[in-house]
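> next input, structure requested:
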Amino acid sequence: MSAHAASESSPPSEAGVIRATLWAGFFTNGVWDMLSIVVPLYAAAVGLSAADIGFIVAARSVLPTALSIHGGILMDYWGTRRVMLWLAVACVLLPLLYPVSGWFLPLILLQLVLGLASSLAMAGAQTWSMQASSDTATLARFSFVSRIGTFLGPLMIGAIWDFLGAWAAFGSIALWAAGIVVAAARSSDHRDAPLPIVSSENQRPLAVLIPNWGAHRQALALSVIPAVAFVLAVSFLRNAPGAVQSSLYIVYLGDIGISGTLIGALVSISELFGILGSTMATPMERLLRPRALVVACIAVSIAAISVTPLIAFSFALLAVGAGVRGAAQGLSQPLMYSLLGRAVPRAAHGASVGLRNAVTRLASIITPAVMGIAAEAWGIETSFYVIGAVLLLGTCALGVVARPLTRSA
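Numbering: from 1, shown residues only. Sure thing, here's the model as predicted:
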């Protein structure tokens with residue numbers, strides 16, 4: 001079934017929810033990537049050291065790693081759309097505090113809070129999309145539209161920063177985040193009854209805000225489902241190339257004399273091909289088993305960024321590498337969501353996406369740290385090969401362990 005047909009054959013209310021999830025994906029992913037560019041630029045502009053900037057950039061993944069599961073549980077309990085509205089308000093207001101917080105500690109605090117809000121907003125959009133439909137074609141549309149946000153947002157914010165400065169840049173992020181409010185406010189809830197994963201003693205509206213170990217244990221228990229365990233392993237490995245791209249990849253390219261404009265172009269090329277890759281998910285799923293295809297995409301993505309030092313003499317080859325990496329990432333995303341959506345009951349989608357989000361944010365902390373240690377020991381070029389070898393070995397191991405699954409689906 002095509003994505004268009006899926007939307008057209010749906011009841012009007014369901015079709016409206018699907019359209020709202022697409023806009024939510026567009027704006028939430030754009031906010032995350034816009035902050036990825038403008039926060040380091042702002043921190044450098046106010047005179048913070050490279051080490052301080054590294055801590056500030058890493059800070060936004062700390063709370064999502066710890067609280068993504070709880071955020072998913074809250075979405076299952078209160079409804080994804082309602083929680084997204086609260087998160088969207090935070091994403092509108094908090095960016096406006098950055099231009100008046102030009103020193104280390106306030107920036108760390110802002111990154112912690114806004115990192116949690118923007119990360120959970122992305123997870124909320126993913127959950128909402130899965131609740132609306134687990135059809136691969138519809139999820140491919142979600143991935144396609146989300147990646148348009150990740151392509152346009154960084155291009156726009158870079159130009160605004162260069163020509164209009166910090167206030168205009170952070171104000172633009174706030175305005176962009178207002179789109180999440182509109183998308184969520186103009187739709188209706190699309191969920192089943194509250195998930196029984198929230199115990200009866202926590203049924204009071206405010207009590208559920210406090211993380212409950214029993215609820216977390218039941219959410220973690222989802223990982224014993226083979227398909228969920230597979231998606232969690234894939235999520236860690238799939239996010240690792242992105243963590244490399246946002247850290248030592250940029251540093252290395254800058255060290256060899258590539259300008260910031262061209263580095264930004266390479267990132268945009270990756271996102272553009274990610275858009276194209278997401279459109280290939282449905283036809284490729286008909287030709288190959290989804291799990292085997294996802295493993296192959298992860299391996300290609302890791303290899304494409306690990307060879308950066310070998311192809312750095314040619315910008316054209318770097319662009320090809322970025323395109324290959326983006327296409328593989330884009331192709332794997334809707335397949336991964338589809339596998340997760342089919343493996344977990346709709347009422348547990350929030351917890352499952354929160355679990356996956358925690359794993360991806362953990363990769364965002366571990367991968368740059370390990371690569372940085374390798375760079376200190378053997379040099380930045382060698383670190384690409386070391387991290388690539390480790391991740392490819394992990395991918396091969398996953399392929400072997402999951403082989404019975406890849407034969408069945």
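
> got the residue ranges for the helices in the stretch 251-400 of the chain?
260-279, 281-287, 290-306, 308-311, 315-343, 349-378, 380-401 (DSSP state H, counting those that start in this stretch).

> and the second one, what does it pack onto?
Read it as helix 281-287. helix 136-164, helix 315-343 (3 or more Cβ pairs under 8 Å, 6 or more residues apart in numbering; DSSP states H and E). All C-beta atoms are positioned from the backbone trio N, CA, C, and that covers glycine.

> check the third one too.
Contact partners of helix 290-306 among helices and strands, from 3+ Cβ pairs under 8 Å, 6+ apart: helix 226-245, helix 315-343, helix 380-401, helix 403-408.

> quick one, which of the ones you listed is nearest to L152?
Taking Cβ to Cβ, helix 315-343 is the member of the helices and strands packed on helix 290-306 nearest to L152, at 14.6 Å.

> where's L93 relative to M156, distance?
Between L93 and M156 the computed distance is 20 Å (Cβ to Cβ, to the nearest Å).

> of the two, which one has the most company?
M156 (17 against 13; other Cβ atoms under 10 Å).

> my read is that the more buried one contacts S172, right?
Yes - between M156 and S172 there is a contact under Cβ atoms under 8 Å: 7.0 Å.

> shared neighbours of those two, which are they?
M34 (Cβ atoms under 8 Å, 6 or more residues apart in numbering).

> what's near enough to touch the nearest residue to G149 once chain neighbours are set aside?
What sits nearest to G149 in space, not counting adjacent residues and going by Cβ to Cβ, 6 or more residues apart in numbering, is G30, at 3.5 Å. Residues in contact with G30 (Cβ under 8 Å, 6+ apart) are 149-150, 152-153, 176.

> make TSV out of those residues and add distance to I250 and neighbour count.
Output for the contacts of G30, formatted as TSV (distance: Cβ to Cβ, whole Å; neighbours: other Cβ atoms under 10 Å):
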residue	distance to I250	neighbour count
G149	20	27
T150	16	25
L152	20	17
G153	17	25
W176	22	23
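
> next, the angle helix 136-164 makes with the longest helix along the chain.
Using DSSP state H, we find that the single longest helix of the chain is helix 12-45. Counting by axes from the mean of the first three to the mean of the last three Cα atoms, to 10 degrees, helix 12-45 points 30 degrees away from the direction of helix 136-164.

> so how far is helix 12-45 off the chain centroid?
10 Å (Cα atoms, centre = their mean, to the nearest Å).

> and it, what's buried?
14, 16-43 (16 or more other Cβ atoms under 10 Å).

> for T21, list the residues it contacts.
Contact analysis of T21 by Cβ under 8 Å, 6+ apart lists 125, 128-129, 132, 142, 183.

> for the residues you listed, which one is nearest T308?
Distances from T308 to the contacts of T21, taken by Cβ to Cβ, are shortest for F142, at 29.6 Å.

> the closest one reaches T28, doesn't it?
No - judged on Cβ under 8 Å, F142 makes no contact with T28 at a distance of 11.0 Å.

> who touches both of these two?
A125.

> where's the nearest residue to V89 once chain neighbours are set aside relative to G16, distance?
In space, and not counting its chain neighbours, V89 is closest to V181: 6.7 Å by Cβ to Cβ, 6+ apart. Going from V181 to G16 by Cβ to Cβ gives 17 Å.

> cool, L93 as well?
Taken as Cβ to Cβ, the span from L93 to G16 is 27 Å.

> picking up where we left off before, could the helices and strands packed on helix 281-287 go into JSON lines alongside distance to L87?
Shown next, in JSON lines, are the helices and strands packed on helix 281-287 (distance: least, Cβ to Cβ, whole Å):
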{"stretch": "helix 136-164", "distance to L87": "16"}
{"stretch": "helix 315-343", "distance to L87": "19"}
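
> quick check: which of the ones you listed is nearest to L237?
Nearest of the helices and strands packed on helix 281-287 (Cβ to Cβ): helix 315-343, 10.0 Å.

> what comes up buried for that closest one?
Buried residues in helix 315-343, counted by 16+ other Cβ under 10 Å: 318-319, 321-341, 343.

> got it, and stretch 243-256?
243-250, 252-253.

> just the C-alphas of it, formatted as PDB.
Taking Å, rounded to 0.1, in the frame of the first residue of the first chain, the C-alpha atoms of stretch 243-256 are listed here in PDB:
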ATOM      1  CA  ALA A 243      27.800  10.900  16.800                       C
ATOM      2  CA  VAL A 244      31.100  10.700  14.900                       C
ATOM      3  CA  GLN A 245      29.700  13.300  12.400                       C
ATOM      4  CA  SER A 246      28.800  15.800  15.100                       C
ATOM      5  CA  SER A 247      32.100  15.500  16.900                       C
ATOM      6  CA  LEU A 248      35.500  14.500  15.500                       C
ATOM      7  CA  TYR A 249      34.400  14.400  11.800                       C
ATOM      8  CA  ILE A 250      33.900  18.200  12.000                       C
ATOM      9  CA  VAL A 251      37.100  18.700  13.900                       C
ATOM     10  CA  TYR A 252      39.100  16.600  11.400                       C
ATOM     11  CA  LEU A 253      37.700  18.400   8.400                       C
ATOM     12  CA  GLY A 254      38.400  21.800  10.000                       C
ATOM     13  CA  ASP A 255      42.000  20.700  10.800                       C
ATOM     14  CA  ILE A 256      42.700  19.800   7.200                       C
END
